[in-house]
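**Q** Sequence first, then the predicted structure:
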Amino acid sequence: MLRLAIQKSGRLSEDSLALIRECGINFISSSYKLKTEATNFPLEILFLRDDDIPGYVQDGVADLGIVGQNVLVEAGFPGLEVEALGFSKCRLSLAVPRADAYASIDALQGKNIATSYPNILGRYLAENGVQAHLHTISGSVEIAPSIGLAEAICDIVSSGSTLLGNGLREVETVFRSEAVLIAQPNLTAEQKDLLEQLRFRMQAVRRAKR
Ligand code: PRT
Ligand code: ZN
């Protein structure tokens, strides 16, 4: 038996459920159940907040998970990734108010930057020799410059319309992300075999879409 954790409701949920179904795995899901069992594959599905998924898989509470690389790497467990899934593509970017001068990343020296990704951003700034003050907030990061909390932000971007709508300009791509399958480090031989079956089916689903 394998336990797979997926996001309960959010940007990853629909594609995660669709992928499992496209792998030929049948299950009944309802919006208020937090757990369901597949009827034709030894798989149990747990519905969680995406932020909790890397830790649950690292601890072996769940054997597998589907989560964005941004959340996985920020949580500090990049080594759990076993398969890139090709959906929920986005980037983590730095942005500044549209009217502000920005010649290079040195413009951020000593500035206040609001983000939900202090670990990934901290590493990126250090690699680029920038010392800045990071303010960690968990949501609505794009509003920070207009309320005087920060001179710049670092957040997830996909179409760019949220930045635009908040008078911000994307200036650096810090990290590129997509959804990935992750696995706990101590699977039994039997579970490893089931994981390989699952990966084989997931790869076939992706190939068929190309
Ligand atoms: O409730 P829970 O904690 O489970 O969900 P969540 O609110 O933390 O996450 P959710 O559902 O918003 O996103 C889940 C994952 O989807 C993220 O971790 C990313 O890997 C991926 N993803 C893909 C995105 C986006 N695209 C995205 N556009 N996550 C967030 N956004 C947000 C972004 O934060 C910004 O506010 O959308 C806004 C920007 O979008 P554009 O299109 O205007 O640029
Ligand atoms: Zn989340």
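**A** Done, it's in. Ligands and ions are numbered 1, 2, ... in the order given.

**Q** Can you pull the phi and psi angles for the most centrally placed residue in the chain?
**A** Closest residue to the average C-alpha location of the chain: G68 at 2.1 Å, with C-alpha atoms, centre = their mean. In terms of degrees, to the nearest 10, the main-chain angles of G68 are phi -70, psi 140.

**Q** Identify the bridge partners of it.
**A** Per DSSP bridges, the residues bridged to G68 are A179.

**Q** Tell me the spacing between it and Y124.
**A** 17 Å (C-beta to C-beta, to the nearest Å). For every residue, glycine as well, the C-beta is placed using N, CA and C.

**Q** what mean pLDDT would you report for the longest helix seen in the chain?
**A** Ordering each helix of the chain by length in residues (DSSP state H) puts helix 189-209 first. The average pLDDT within helix 189-209 is 97.

**Q** for stretch 52-64, same thing?
**A** The model assigns stretch 52-64 a mean pLDDT of 98.

**Q** Restrict it to CA atoms and write it as PDB.
**A** These are the backbone C-alpha positions of stretch 52-64, laid out as PDB (Å, rounded to 0.1, in the frame of the first residue of the first chain):
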ATOM      1  CA  ASP A  52       2.400  20.400   4.900                       C
ATOM      2  CA  ILE A  53       3.100  17.900   2.100                       C
ATOM      3  CA  PRO A  54       7.000  18.000   2.100                       C
ATOM      4  CA  GLY A  55       7.200  17.500   5.900                       C
ATOM      5  CA  TYR A  56       4.700  14.600   5.900                       C
ATOM      6  CA  VAL A  57       6.600  12.800   3.100                       C
ATOM      7  CA  GLN A  58      10.000  13.500   4.700                       C
ATOM      8  CA  ASP A  59       8.600  12.000   8.000                       C
ATOM      9  CA  GLY A  60       7.000   9.000   6.200                       C
ATOM     10  CA  VAL A  61       3.500   9.900   7.300                       C
ATOM     11  CA  ALA A  62       2.700   9.900   3.600                       C
ATOM     12  CA  ASP A  63       4.800   7.800   1.200                       C
ATOM     13  CA  LEU A  64       4.300  10.000  -1.800                       C
END
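
**Q** got the contact list for that stretch?
**A** 2-7, 46, 48, 65-67, 71-72, 75-77, 80, 181-187, 191, 195, 198 (C-beta atoms under 8 Å, 6 or more residues apart in numbering).

**Q** For it, what is the distance to the chain centroid?
**A** Computed by C-alpha atoms, centre = their mean, to the nearest Å, the chain-centroid distance of stretch 52-64 equals 14 Å.

**Q** Okay, buried residues for that stretch please.
**A** D52, I53, P54, Y56, V57, Q58, V61, A62, D63, L64 (16 or more other C-beta atoms under 10 Å).

**Q** The third one falls within a helix, correct?
**A** So the one you mean is P54. Yes. Under DSSP: H, G, I helix; E, B strand; the rest coil, P54 sits within a helix.

**Q** what about the helices in the protein?
**A** Going by DSSP H, the chain shows helices at 13-22, 53-58, 69-75, 118-127, 161-165, 189-209.

**Q** per the record, what domains does this protein have?
**A** Residue ranges for the domains of the chain, per automatic domain parsing: 2-88+178-209, 90-177.

**Q** need the residues of the chain near ligand 1, please.
**A** 7, 10-12, 49-51, 68, 70-71, 88, 90, 155-162, 177 (C-beta under 6 Å from any ligand atom).
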